[in-house]
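Q: Got a predicted structure plus its sequence, pasted below:
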Amino acid sequence: SALRIMRYCHRNNSNINNPCSNTKAKPLTNHHTGIIESLPQKRGNRRKEVEQYNVTGMSCAACSARVEKAVSKVPGVTSCSVSLLTNSMGVEGSAAPADIVAAVEVAGYGASPKNAAAQSAAPSADALKDTETPRLKRRLIASLIFWVVLMYFSMGHMLWNWPLPGFMQGNHVAMGILQMLLTIIIMVINQKFFISGFKSLWHRSPNMDTLVALGSMASFVWSVYALFAMTRAQVDGNSELVMHYMMEFYFESAAMTLITVGKMLEARSKGKTTDALKGLMKLAPKTAVVIRNGQEATVPIDQVVKGDTFVVRPGENIPVDGVIIEGSSAVNESALTGESIPVDKAAGDLVSAATVNQSGFIKCEATRVGEDTTLSQIIKMVSDAAATKAPIAKIADRVSGVFVPAVITIAIITTIVWLLTGHEAGYALARGISVLVISCPCALGLATPVAIMVGNGMGAKNGILFKTAVSLEEAGKVQIVALDKTGTITSG
């Protein structure tokens, strides 16, 4: 059985990730770190080095699909994975970074290589800070102030006969001008939709923002036309035509405040997906007590170098990975291993950062510091998992790539059909705009990566780490898991 094979390989010090190379059974976890790798795994399959890039300007799944498609066409690129969740891109192959950045820019977005330090180190807490949600919240509050006023005049008075100021009683032109001005203010506040939408349309890669921008702009332009036509009717004294054009105003449809609500909720969901990662970062001590020139000194953790001697008293966290050179103690390693019982440590034993010294005074020599510590590697692995894509996410991206052009086409056909059936232009345009506005399922591209990130986060909280999104998806298909007394997970 696979269980007996693993035990045999452990006894013979075989490579745990390729036990008994002639066998078909493969272990699902590294016995020492408890990290789930992809399953099933082909013999001899090794992870390639992936170059990481920051990508700017993406707003939906159609954007990430466009960037991925553009970079995949660069000669020398063997694979490309773009994460909308982290606004990052991983590229495998021999292509020059300049060529990759140029391909992204031609597609209408921005890209820059992450420097070597940023790629090797785990992300900082500042890098994971949610800055988008507060920005969208401010935009939403500002939009709502003007939107409520706009709805009062456009809908409240028309439908429920809410009172108007005396100078606006019967002054339909003034009503139209006021609605237009309020709509312009709201559109300026939410100008990001229009900049992103029309920019991507210019580059022939329409995204979800394009649908919002087209629907909003079409509503606004038609309403402005109706306003000017109404002024002509007012001059001609045709009150019936004035009222007709009054009903043709769609300024409230052009004010896409509810879209901002959806965007803020999406940003909030994205921000919360990194909570587990932030929790891991909080485990890392901020300072260490080192011995320099024969004296104990408290220094920031980033000033500890390999070879430094540091001391840890009972109740303190061990700051970096090291080896005990003096003293003995019981160390609580549950934060890393999940083992609740403290492990006895003596001179010559290894200790890891973020574990807790419980009973004795120990003096240690630093062996791994900074991004080389076990904790930093775990944090980096969890964050790297977000940059990989599960097969189901790739399907969603392919759908998103053709979704927006298809919706625009359907909206145009809808408008033409209503015109051909004898309806007025305003009526037909309203139906076409409805198709554009309600067909903005940004969740199509965000739901899968958010679910993967949340799954990784929940796993990290319970001591289970996934190297890739494929591993997470495949683990969901497992029906039987065999555990031996040490907790090693096996297949076969």
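A: Done, it's in. As the structure is a computational prediction, the values presented were derived from the model and not from experiment. Numbering: from 1, shown residues only.
Q: Could you report the neighbour count for Phe228?
A: 11 (other CB atoms under 10 Å). The C-beta positions use only the backbone N, C-alpha and C, and glycine is treated the same way.
Q: Can you read off the pLDDT for it?
A: Per-residue pLDDT puts Phe228 at 93.
Q: now the helices for the stretch 51-200 of the chain?
A: 61-72, 97-106, 116-120, 132-151, 157-160, 172-189, 191-202 (DSSP state H, counting those that start in this stretch).
Q: Select, out of those, the one closest to Thr298.
A: Closest of the helices of the stretch 51-200 of the chain to Thr298 is helix 116-120, at 25.3 Å (criterion: CB to CB).
Q: Out of the helices of the stretch 51-200 of the chain, which gets nearest to Met208?
A: The stretch from the helices of the stretch 51-200 of the chain with the least distance to Met208 (CB to CB) is helix 61-72; that distance is 6.1 Å.
Q: what is the orientation angle of that closest one with helix 97-106?
A: Put simply, helix 61-72 runs at 140 degrees to helix 97-106, going by axes from the mean of the first three to the mean of the last three CA atoms, to 10 degrees.
Q: for helix 61-72, packing partners?
A: With contacts defined as 3 or more CB pairs under 8 Å, 6 or more residues apart in numbering; DSSP states H and E, helix 61-72 has these neighbours: strand 77-83, strand 88-93, helix 97-106, helix 191-202, helix 391-420, helix 443-461.
Q: Quick check: mean pLDDT of it?
A: Rounded mean pLDDT across helix 61-72 is 84.
Q: Show me how far it is from its chain's centre.
A: 15 Å (CA atoms, centre = their mean, to the nearest Å).
Q: can you check stretch 348-355 too?
A: 33 Å.
Q: where are the low-confidence patches of the stretch 151-300 of the chain?
A: Along the stretch 151-300 of the chain, segments meeting pLDDT under 70 span 269-277.
Q: And the strands in the stretch 201-350 of the chain?
A: 287-292, 295-300, 309-312, 321-326, 329-332, 343-345, 350-351 (DSSP state E, counting those that start in this stretch).
Q: Could you dump the helices and strands packed on helix 61-72 into TSV with mean neighbour count and distance to Met180 added?
A: Shown next, in TSV, are the helices and strands packed on helix 61-72 (neighbours: other CB atoms under 10 Å; distance: least, CB to CB, whole Å):
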stretch	mean neighbour count	distance to Met180
strand 77-83	20	39
strand 88-93	20	41
helix 97-106	16	36
helix 191-202	18	16
helix 391-420	17	23
helix 443-461	20	32
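Q: Output these in TSV, with distance to Leu181 appended to each entry.
A: Shown next, in TSV, are the helices and strands packed on helix 61-72 (distance: least, CB to CB, whole Å):
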stretch	distance to Leu181
strand 77-83	40
strand 88-93	41
helix 97-106	37
helix 191-202	16
helix 391-420	27
helix 443-461	33
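Q: Gly315: neighbour count?
A: 9.
Q: Please read the previous query as pertaining to Pro342.
A: By the measure other CB under 10 Å, the count of residues near Pro342 is 17.
Q: try the one 5 residues further on
A: Other residues within reach of Ala347, judged by other CB under 10 Å, total 13.
Q: go on, the one 3 residues further on?
A: Around Leu350 there are 14 other residues, counting by other CB under 10 Å.
Q: Spatially, what comes nearest to it if we skip its sequence neighbours?
A: Val323 (5.6 Å; CB to CB, 6 or more residues apart in numbering).
Q: Which residue or residues pair with that neighbour through a beta bridge?
A: Applying DSSP bridges to Val323 yields these beta-bridge partners: Leu350, Glu365.
Q: Just put the strands of the stretch 201-350 of the chain in JSON lines and tack on distance to Gln179.
A: Output for the strands of the stretch 201-350 of the chain, formatted as JSON lines (distance: least, CB to CB, whole Å):
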{"stretch": "strand 287-292", "distance to Gln179": "60"}
{"stretch": "strand 295-300", "distance to Gln179": "58"}
{"stretch": "strand 309-312", "distance to Gln179": "68"}
{"stretch": "strand 321-326", "distance to Gln179": "65"}
{"stretch": "strand 329-332", "distance to Gln179": "65"}
{"stretch": "strand 343-345", "distance to Gln179": "71"}
{"stretch": "strand 350-351", "distance to Gln179": "69"}
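Q: Among those strands, which comes closest to Tyr245?
A: That would be strand 295-300 among the strands of the stretch 201-350 of the chain, by CB to CB, at 68.7 Å.
Q: what lines up beside the closest one in the sheet?
A: strand 287-292 (antiparallel).
Q: so the strand it pairs with versus strand 321-326, what angle?
A: Using the same axes, to 10 degrees: strand 287-292 against strand 321-326 is 50 degrees.
Q: Restricting to C-alpha, output stretch 189-203 in CSV.
A: Written as CSV, here are the backbone C-alpha positions of stretch 189-203 (Å, rounded to 0.1, in the frame of the first residue of the first chain):
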residue,chain,number,x,y,z
ILE,A,189,-16.9,61.6,-9.3
ASN,A,190,-17.1,58.1,-11.0
GLN,A,191,-14.9,59.1,-14.0
LYS,A,192,-12.8,56.0,-13.5
PHE,A,193,-15.5,53.9,-15.1
PHE,A,194,-15.4,56.0,-18.2
ILE,A,195,-11.6,56.3,-18.4
SER,A,196,-11.2,52.5,-18.1
GLY,A,197,-14.1,51.6,-20.2
PHE,A,198,-13.4,53.9,-23.2
LYS,A,199,-9.6,53.3,-23.0
SER,A,200,-10.2,49.5,-23.3
LEU,A,201,-12.6,50.1,-26.1
TRP,A,202,-10.0,52.1,-27.9
HIS,A,203,-7.6,49.2,-27.6
